[in-house]
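Asker: what's the 3D shape of this:
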Amino acid sequence: MEKPKKNKPYMMYLKQSLFAVKPQYQVYRDGMNAVYTIEGDVTRHRFSVRQGEDEVLVLHKKIAKLFAEYTIEKDGQEIAHIKKGLFRSLSGNVYGKSLEIRVEYESYNFDILVGGHKLCRIEQENASFRDRYEMMIFDSTLEEVAVALAVICDHVSDKADSTRYSD
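Answerer: From the prediction side, this is the model:
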């Protein structure tokens, strides 16, 4: 299946499997066949991003950090580093360019910018389906990275939910 052109935005959908022991996600572009599958380990610190049978990226969440910190690897080489700041946003770099994940107030919507340009917009579909996201992709050349970053957005949203509903 051919990727859409870089300058034409398109939709993807990320859905988390709710009853799995290990965290699992499927990412769809069109129809019912997953383009990417993502499987985490039981500790939720390592996620394998697969396209078909091929592992295309690995997302790592660093252990025992005051603020959340992540890396993304491709073919064993680190291509991105992301840290949570004092407030709601996360920032870092990907392929040597600046990376910013802007988190909206309720932690359900996210804008991801690379090099000052919008890579994608991630929104939860609605409040009753918490772990389903619509992804508007603006740059298909970094589609795999956008998919991995969507897992980080889900973590941010889950953390906000646990804080919101524990009071």
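
Asker: use CA for all of it now, contacts and neighbours both
Answerer: Fine.

Asker: name the nearest residue to the one residue sitting closest to the centre of the chain, ignoring sequence neighbours.
Answerer: Centroid-nearest residue in the chain, with C-alpha atoms, centre = their mean: Ala150, separated by 1.6 Å. Nearest residue to Ala150 in three dimensions, chain neighbours excluded: Ile122, at 7.2 Å (C-alpha to C-alpha, 6 or more residues apart in numbering).

Asker: burial of that neighbour, as a residue count?
Answerer: Neighbours of Ile122 under the rule other C-alpha atoms under 10 Å: 26.

Asker: again with Val42
Answerer: Val42 has 12 neighbouring residues, counting by other C-alpha under 10 Å.

Asker: wouldn't it be in contact with Gln24 here?
Answerer: No - if you go by C-alpha atoms under 8 Å, Val42 and Gln24 don't touch, sitting 10.3 Å apart.

Asker: which secondary element of the chain has the worst mean pLDDT?
Answerer: Across the helices and strands of the chain, mean pLDDT, DSSP states H and E gives its lowest value to helix 143-165, namely a mean of 80.

Asker: run through who's touching that helix.
Answerer: Contacts to helix 143-165, defined as C-alpha atoms under 8 Å, 6 or more residues apart in numbering, come from residues 14, 27, 49, 56-57, 59, 72, 106-108, 110, 119-120, 122, 131, 137.

Asker: repeat for stretch 58-70
Answerer: Contacts for stretch 58-70 (C-alpha under 8 Å, 6+ apart): 44-49, 71-74, 81-85, 148.

Asker: and that stretch, how far out from the chain middle?
Answerer: Centre-to-centre, stretch 58-70 and its host chain are 14 Å apart (C-alpha atoms, centre = their mean, to the nearest Å).

Asker: can you give me the buried ones in it?
Answerer: Within stretch 58-70, the residues scored as buried using 16 or more other C-alpha atoms under 10 Å are 58-61, 68-70.

Asker: now do stretch 145-162
Answerer: Using 16+ other C-alpha under 10 Å as the test for burial, stretch 145-162 gives 145-158.

Asker: okay, how far is it across stretch 71-82, tip to tip?
Answerer: 6 Å (C-alpha to C-alpha, to the nearest Å).

Asker: can you check stretch 48-57 too?
Answerer: Span of stretch 48-57 from end to end, C-alpha to C-alpha: 6 Å.

Asker: ok, Arg132 to Gly76 distance?
Answerer: Arg132 sits 29 Å away from Gly76, going by C-alpha to C-alpha.
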